[in-house]
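Engineer: For reference, the sequence and a predicted model appear below.
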Amino acid sequence: MNDIKEKILSICPSATFEEGEYLQINVADKDWFPLAKAMKEDRELNFDVLTAVVGMDWKEAYGVVYYLTSTTHDWDVVCVKVEAPDRKDPMIHSVSSLWKVALFQEREVYDFFGIKFINHPDMRRMFLRNDWKGFPLRKDYDADPKLNPIPKDDEKNEDDTRSYVEDEKGKVTCVPGKVFAPGDYVVNVGPQHPSTHGVMRFRCAVDGEIVTKVDVVSGYIHRGIEKLCEELGYPQILHFTDRMDYMSAHQNRECLCMCIEKAMGLEVPERAVVIRAMMDELMRISSHLLAFGCTAMDLGATTAFFYGFREREQVLDIFEKTCGARMSMNYNVIGGVIADLHPDFVKDVKELIRIMPERIKEYHKVFSGNIIAMNRLKKVGMLPLEDAVNYCITGPSGRGSGWSCDCRKKHPYGAYPQVKFEEVLEYGCDSYARYMVRMREIEESVKILEQLVDRIPEGPIRAQVPKIIKLPVGRWYQQVEASRGTFGVYIESDGGKTPYRVHFQSPCFNLVGVMDLCCRGNMIADLITIGAALDFVIPDIDR
Amino acid sequence: MEVNIKSMKREDFKDNEYIDKLVEELNATGANVAVGKLDQLINWGISNSLWPLTFGTSCCAIEFMSLGAARYDMARFGFEVARNSPRQADYIMVQGTIVHRMAPVLVRLYEQLAEPKYVIACGGCAVSGGPFKKSYCVVNGVDQILPVDVYIPGCPPRPEAFFYGLMQLQRKIKVQKFFGGVNRQEKVEEFFRQHPEERGQID
């Protein structure tokens, strides 16, 4: 840690440090971009992944908290806090030219806080309509429904964009631009489209059948979860996580619970830790089975969909017996899990372990080797390794590009250090590689379940927690490996009963950020298969 | 008149009084014998081949997919032909939260459905806003923007609850007055009164 401090001080003498969960670097906005450039490009520091971008309103100033990870240095994480100098017209220098993932992340911050990013090429709103009044996550936001009534009129296509460009003297000017070039032929896909896996809209510029640009229009299911969290107590915010990425409900909820437990300094009983890991892996199996079914169905192979759902129902039965619900289980709570395992749990899991290897062979027989599937998936939607890292594409999609990024290995948590499993990697960088990673991950999840099923320790299922939970002042960031990638929770507390700010760093938001990159040069019909292979869940993007 | 559907026995429904009352109200002024028989024929057809529009915004849509898969198999009751275009669908099943940005799109989809058309609000979010009721951009219940026929509570509802809701809709359709009721010419006129700009385009 001290080497990093010295190195950073030599680059930027004005930086100050705060000790916390991770090393925190406070830097002024004018020094931020040079520091960021050095931190990314310096061989010794090499912070090549921008893990999270969190917009903040500290009442006296707006700002952004960045979490950076270095893949070469043992996945070290540092946190950089940048304040915008002017509260009336907050502006911060963009780092989107260094880490491409910031292209979308910074647009989100602009949407919620009104912080303009200097030199960002496309400063538009991300989730809210362009005629939305105010910036909802600001602390002084006026939530009067009269200001923003339910819109009756159709939304205008937003073709105008703007960029805030700084000249040598430091003067910032607004430069208007257009999303599409004047001659572009634009085809609209969504938001109501059966193959966008929810309500997502893509505006695609096409040259004949070849896609030349994809503009992602998101926010058709933006529910304002982060703002809602600020008014509720810690146990009350848990249920939102189940409803963001509903296919990673257990993992997401575990992540939030772990973040709160970490801040409280709470020890979770061993039994609960193992139960959580088993539930996570069952959830991963069910999610990948759904992904398999949907990929097949998007290609018109309805039979494979039935095969995937057959085993998925079996997993859901296990959930139902223990948690009481098929979906949105609400199972993890702060300090452990809410209910003990059903007496049939071990028997049911063993039955699932027994049948899965045979069933996976069946899936491969019915779909993976199919000539149509091969032609539609192989060499389509190429995402090279450098781009996967730069766009922070984690999870099966990142591992399909050969990026070893499994959070269970890199930042081990829960029961994962106790079990042996392989991190699945494929090097095809195409849709087929992503699909194959998922199929092989089902096998690995089965392996993990096999190791844990007979080793569930006896004991209490949750720790004693106070009735009213208050966190000490500070900020925490916790990551878990959800079904679609690394899911992160950021909590900032001012010592009260409710969080000051909660941010969910969703993997799917980054996934949709590469749609433009992956689809360029492919046919418009392949947009659907690329989306299916990336496998994003829309409520997780919009939150 | 007793309302019976093929899919579920009358005594298994928990709210027979309501449907009896509805029938009584509809037939208060008496029913024309010939038209009534035609109504029955048409309603028999519609209620047994209800085609949904695939419209899901969040979790409930995944449960709807389970409905289509082999275990629950909604094909048993004639609901299986999920259409992707509203022009070919009979009803819209709102599965999931409707937010401000989506609201005009949903209204447009509803307007594109061909008459007779029905709306099912499915899950807590579509019924009332659900857990997101206090949010700054969530529509608190889809009934604020569309006329809803059946509500299915749950978060998400179980597949059995979906079936119960769909069968309630079947019963409602069985008693509707197709001729001189839902299929009225005045309704078309009323639409054009509200949207005068559409008249020229359709003629």
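Structural biologist: Structure's in. What do you need?

Engineer: would you list every one of the strands in the stretch 1-150 of chain A?
Structural biologist: Along the stretch 1-150 of chain A, counting by DSSP state E, counting those that start in this stretch, strands occupy A:16-18, A:23-28, A:49-57, A:62-70, A:76-83, A:91-93, A:116-118.

Engineer: what's the closest of these to residue B:42?
Structural biologist: Residue B:42 sits nearest to strand A:49-57 of all the strands of the stretch 1-150 of chain A, at 56.3 Å, using Cβ to Cβ. Quick note: C-beta positions are derived from backbone N, CA and C, even for glycine.

Engineer: For that closest one, list every residue counted as buried.
Structural biologist: Using 16 or more other Cβ atoms under 10 Å in any protein chain shown as the test for burial, strand A:49-57 gives A:49-57.

Engineer: Next: stretch A:89-99.
Structural biologist: Buried residues in stretch A:89-99 (16+ other Cβ under 10 Å): A:90-96, A:98-99.

Engineer: of the residues you listed, closest to chain B?
Structural biologist: Distance to chain B, by Cβ to the nearest Cβ, is smallest for residue A:90 among those, at 20.2 Å.

Engineer: contacting residues around that closest one?
Structural biologist: A:61-62, A:84, A:113-116 (Cβ atoms under 8 Å, 6 or more residues apart in numbering or on different chains).

Engineer: Can you convert these into JSON lines and add a column each for distance to chain B?
Structural biologist: Formatted as JSON lines, the contacts of residue A:90 follow (distance: Cβ to the nearest Cβ, whole Å):
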{"residue": "A:61", "distance to chain B": "23"}
{"residue": "A:62", "distance to chain B": "19"}
{"residue": "A:84", "distance to chain B": "23"}
{"residue": "A:113", "distance to chain B": "14"}
{"residue": "A:114", "distance to chain B": "15"}
{"residue": "A:115", "distance to chain B": "18"}
{"residue": "A:116", "distance to chain B": "21"}
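
Engineer: quick one: which of these is most hemmed in?
Structural biologist: Neighbour counts for these (other Cβ atoms under 10 Å in any protein chain shown) peak at residue A:62, which has 26 neighbours.

Engineer: Could you find the closest non-adjacent residue to that residue?
Structural biologist: Computed as Cβ to Cβ, 6 or more residues apart in numbering or on different chains, the closest residue to residue A:62 that is not its neighbour in sequence is residue A:90, at 4.1 Å.

Engineer: State the distance from that neighbour to residue B:125.
Structural biologist: According to Cβ to Cβ, to the nearest Å, residue A:90 and residue B:125 sit 33 Å apart.

Engineer: And for residue B:111?
Structural biologist: For residue B:111 relative to residue B:125 (Cβ to Cβ), the value is 22 Å.

Engineer: Neighbour count for the two, which is higher?
Structural biologist: The residue with more neighbours, out of residue B:111 and residue B:125, is residue B:125; 32 against 14, by other Cβ under 10 Å.

Engineer: Number of residues surrounding residue A:405?
Structural biologist: 26.

Engineer: any idea which element it lies in?
Structural biologist: Counting by DSSP states H and E, there is no helix or strand that carries residue A:405.

Engineer: Which residue ranges of chain B form helices?
Structural biologist: B:16-26, B:33-48, B:59-68, B:103-112, B:123-128, B:159-175, B:185-194, B:196-202 (DSSP state H).

Engineer: does chain A sit close to the third one?
Structural biologist: Yes. Judged by Cβ under 8 Å from any Cβ of the partner chain, helix B:59-68 comes into contact with chain A through B:59, B:61-63, B:65-66.

Engineer: Where neighbours are concerned, which of those has the most?
Structural biologist: Going by other Cβ under 10 Å, residue B:59 tops the residues of helix B:59-68 next to chain A with 28 neighbours.

Engineer: Residue B:144: what's its closest spatial neighbour, skipping adjacent residues?
Structural biologist: Of all residues not flanking residue B:144 in the chain, residue A:150 sits nearest, at 6.7 Å (Cβ to Cβ, 6+ apart).

Engineer: which residues does that neighbour contact?
Structural biologist: Contacts of residue A:150 by Cβ under 8 Å, 6+ apart are B:100, B:103, B:139, B:144-145.

Engineer: so what's it scoring on pLDDT?
Structural biologist: Residue A:150 is assigned a predicted lDDT (pLDDT) of 82.

Engineer: And residue B:188, by the same measure?
Structural biologist: 67.

Engineer: Distance-wise, check residue A:72 relative to residue A:53.
Structural biologist: 21 Å.

Engineer: Hmm, I typed the wrong one, I wanted residue A:195.
Structural biologist: When residue A:195 is compared with residue A:53 (using Cβ to Cβ), they lie 29 Å apart.

Engineer: So residue B:50 sits against residue B:169, correct?
Structural biologist: Yes. Look at residue B:50 against residue B:169 with Cβ atoms under 8 Å: they come within range, at 6.9 Å.

Engineer: hey, what's in contact with both of the two?
Structural biologist: Shared contacts of residue B:50 and residue B:169, counting by Cβ under 8 Å, 6+ apart, come down to B:91, B:118.

Engineer: ok, and the closest non-adjacent residue to residue A:120?
Structural biologist: Nearest to residue A:120 is residue A:94, by Cβ to Cβ, 6+ apart, at 3.9 Å.

Engineer: okay, now the closest residue in space to residue A:178 that isn't next to it in sequence: neighbour count?
Structural biologist: Among residues not flanking residue A:178 along the chain, residue A:159 sits closest, at 5.8 Å (Cβ to Cβ, 6+ apart). Using other Cβ under 10 Å, residue A:159 has 12 neighbouring residues.

Engineer: and what of residue A:311?
Structural biologist: 22.

Engineer: Help me confirm that it is found in a helix?
Structural biologist: Yes. Assessed by DSSP: H, G, I helix; E, B strand; the rest coil, residue A:311 belongs to a helix.

Engineer: Let's see the pLDDT reported for it.
Structural biologist: Reported pLDDT for residue A:311: 89.

Engineer: again with the one 3 residues further on
Structural biologist: Confidence per residue is given as pLDDT, and for residue A:314 that number is 90.

Engineer: So which elements touch the helix or strand harbouring it?
Structural biologist: Taking DSSP H and E as the definition, residue A:314 sits inside helix A:302-323. Packing partners of helix A:302-323 (3 or more Cβ pairs under 8 Å, 6 or more residues apart in numbering or on different chains; DSSP states H and E): helix A:270-298, helix A:345-363, helix B:59-68.

Engineer: go with 10 Å
Structural biologist: The helices and strands touching helix A:302-323, judged by 3 or more Cβ pairs under 10 Å, 6 or more residues apart in numbering or on different chains; DSSP states H and E, are helix A:249-264, helix A:270-298, helix A:345-363, helix B:59-68.
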